[in-house]
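S.K.: Predicted model and sequence below, questions to follow.
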Amino acid sequence: MISVVLADDQSLIRTAVAELVSHEEGFTVAGQAGNGREAVDLVRALRPDIVLMDIRMPVMDGIQATAAICAEPDLAGTRIIVLTTFEEDEYVLQALRAGASGFVGKGTEARDLMNAIRTVHDGDALLSPRATKALIDRYTAPVEPAALVAPAALALLTEREREILLLVGRGHANGAIADELVISPHTAKTHVNRMMTKLGAHDRAQLVIVAYESGLLVPGAHP
């Protein structure tokens, strides 16, 4: 059973999403929060699998709440999906830096939202690394210094891991990485998991950010 906490200051949205999630087999709504502070408190108390987190909320916004949750080792099992509108796209990179596993638009179809929750619960970045890359291309300036990881941190990685990090940053899933490097998908996944441990990345979405902010990939540059 996948447990979900909903955090949105609009009760109508919370009610609608709760209705959707609670009627899906294998899902349960563990709780609802009207602001970021309530969301943090609920996650600490309930330890849900997933949080659907709005960005703009009173008391504490969704980015601050995401950072607070992801900073607590005891809450490492909880993954956060940011709910966003087109006008809020500039906040998505901040949310990913804070530890969110990805994002969905508030206009997402019901089936796509449930699939998104399953995707993140399974440990993958939401939507795709390619979608995350598009936002990084748009909002990260190549002249800025690394904010998440210093280039020297890449020295922790083997040559093969750096190759795979480059492909992750370009939006390749494990199957595509396996095809590119002539290895098995299981081996690709093992390398990705090992890199997350070495670099302190919460999930695959943060590996994409590491690839850019370390200078391994340059925003706007394409293979």
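M.R.: That came in fine, so what should we check first?
S.K.: For this structure, give me the ranges with low pLDDT.
M.R.: 86-90, 124-152, 218-223 (pLDDT under 70).
S.K.: Just give me the residue closest to the centre of it.
M.R.: In the chain, the centroid-proximal residue (Cα atoms, centre = their mean) is S101; its distance is 1.4 Å.
S.K.: quick one: that residue and I81 touch, right?
M.R.: Yes: using Cβ atoms under 8 Å, S101 is in contact with I81, at 6.3 Å. C-betas here are computed from N, CA, C, even on glycine.
S.K.: Any figure for the gap between the nearest residue to L83 once chain neighbours are set aside and T84?
M.R.: Distances taken as Cβ to Cβ, 6 or more residues apart in numbering put D54 closest to L83, at 5.0 Å, once the chain neighbours are dropped. For D54, the distance to T84 (Cβ to Cβ, to the nearest Å) stands at 8 Å.
S.K.: out of the two, which sits in the more crowded spot?
M.R.: D54 (26 against 22; other Cβ atoms under 10 Å).
S.K.: What residues does T108 make contact with?
M.R.: A116 (Cβ atoms under 8 Å, 6 or more residues apart in numbering).
S.K.: would you say it is within a strand?
M.R.: No: counting by DSSP: H, G, I helix; E, B strand; the rest coil, T108 falls outside a strand, being coil.
S.K.: Look at L96 and say how many residues are nearby.
M.R.: L96, neighbours per other Cβ under 10 Å, totals 28.
S.K.: unless I'm mixing things up, A65 is touching D41, no?
M.R.: No: applying Cβ under 8 Å as the test, A65 and D41 come out as separate, 9.8 Å apart.
S.K.: more neighbours, these two?
M.R.: Taking other Cβ under 10 Å, A65 and D41 do not tie; A65 has more neighbours (29 against 15).
S.K.: Can you show me the helices along this protein?
M.R.: 11-22, 36-46, 62-70, 92-98, 110-121, 129-139, 159-169, 174-181, 185-199, 204-213 (DSSP state H).
S.K.: what's the burial count for D112?
M.R.: With other Cβ under 10 Å as criterion, D112 counts 13.
S.K.: Likewise for S22?
M.R.: If we define neighbours as other Cβ under 10 Å, then S22 has 11 of them.
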